[in-house]
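# Got a sequence here, can you build the structure:
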Amino acid sequence: MIAHLRGVVLSKSNESVVIDVNGVGYLVHAAEPVVAGLTVGDEARLHIHTNVREDAIQLFGFSAPFERDVFLKLTTVKGIGPKLAMAVLSGASLVELVAAVADGDILRLTKIPGVGKKTAERILVELQEAFRAFRPAMATGKAGAVAPADALADVRSALQNLGFKGAQVDRAFELLESAPSRPRDFDGLLRETLRHLR
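Predicted coordinates:
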């Protein structure tokens with residue numbers, strides 16, 4: 001199973017990128033914000049979910065482990081396959097999506113392209129408790145701790161994919177550095193950085 005790719009972006013479309021890793025090109029499907037944050041010719045680092053089917057092996061890429069966790073939860077819902085789960089991640093920011101599901105906001109979910117009322121209801125019935133559990137998991141770092149340097153790089157990438165400018169992220173990082181203590185894992189860092197960006 002491929003879990004992570006680091007290489008040069010050879011090409012990209014709205015929904016996928018080709019990453020050159022030591023001369024091998026991997027086609028990776030990704031949400032539109034993730035693809036938009038990548039530049040052809042630059043290095044990319046993506047967390048990967050490998051989806052194996054009878055007729056194909058597909059790679060799905062994410063800017064951070066937490067995004068992959070949300071994607072995998074979505075695919076457990078009846079009627080939601082990897083393609084629709086990726087469309088959901090393209091139709092709402094990660095922060096909005098987690099909040100909408102955790103808070104039972106069916107109206108916000110139905111505004112996502114491809115998500116009708118019945119699908120939104122299934123998401124809430126099957127995932128609301130799981131998404132609520134993401135909050136304490138992030139607070140304790142159980143959603144996946146990584147090395148601080150890697151975590152900061154992943155947080156920067158995730159925030160830029162969410163639409164924040166580089167200068168905004170730099171300023172938030174400065175405020176984070178001046179705090180008496182800071183989280184060491186991706187999810188804790190993302191939460192604290194977003195607090196400074198609000």
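# residues in contact with residue 25?
10, 18-19 (CB atoms under 8 Å, 6 or more residues apart in numbering). All C-beta spots, glycine's among them, are computed from the backbone N, C-alpha and C.
# What pairs with the helix or strand it falls within, parallel or antiparallel?
Applying DSSP states H and E as the criterion places residue 25 in strand 24-30. Strand 24-30 pairs in its sheet with strand 16-21 (antiparallel), strand 57-62 (parallel), by DSSP bridges.
# chain center to the first one, what's the gap?
The chain centroid and the centroid of strand 16-21 are separated by 17 Å, computed with CA atoms, centre = their mean, to the nearest Å.
# buried sites along that strand?
16-20 (16 or more other CB atoms under 10 Å).
# Over to stretch 4-20?
Neighbour-count burial for stretch 4-20 [16+ other CB under 10 Å]: 5, 7, 9, 12, 15-20.
# Quick check: end-to-end length of stretch 83-98?
19 Å (CA to CA, to the nearest Å).
# which residues sit against that stretch?
Taking CB under 8 Å, 6+ apart as the rule, stretch 83-98 contacts 15, 29-33, 60, 66-67, 70-71, 74-75, 80, 100, 108, 111-115, 119, 131, 134, 158, 162-163, 194.
# can you rerun that using 6 Å?
Here stretch 83-98 makes contact (CB atoms under 6 Å, 6 or more residues apart in numbering) with 31-32, 67, 71, 74-75, 112-114, 131, 134, 162.
# Just checking, which of the buried residues of stretch 4-20 comes out lowest on pLDDT?
Across the set of the buried residues of stretch 4-20, residue 15 stands lowest in pLDDT, at 91.
# Output the strands paired with strand 24-30 as JSON lines; include the columns distance to residue 40.
Shown next, in JSON lines, are the strands paired with strand 24-30 (distance: least, CB to CB, whole Å):
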{"stretch": "strand 16-21", "distance to residue 40": "9"}
{"stretch": "strand 57-62", "distance to residue 40": "15"}
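# Just among the contacts of stretch 83-98, which is most surrounded?
residue 31 (26 neighbours; other CB atoms under 10 Å).
# Which residue ranges of the protein form helices?
32-36, 65-74, 82-91, 94-102, 106-110, 117-140, 148-161, 166-177, 186-197 (DSSP state H).
# Lowest average pLDDT across these?
Ranked by mean pLDDT, the helices of the chain end with helix 148-161 at the bottom, a mean of 69.
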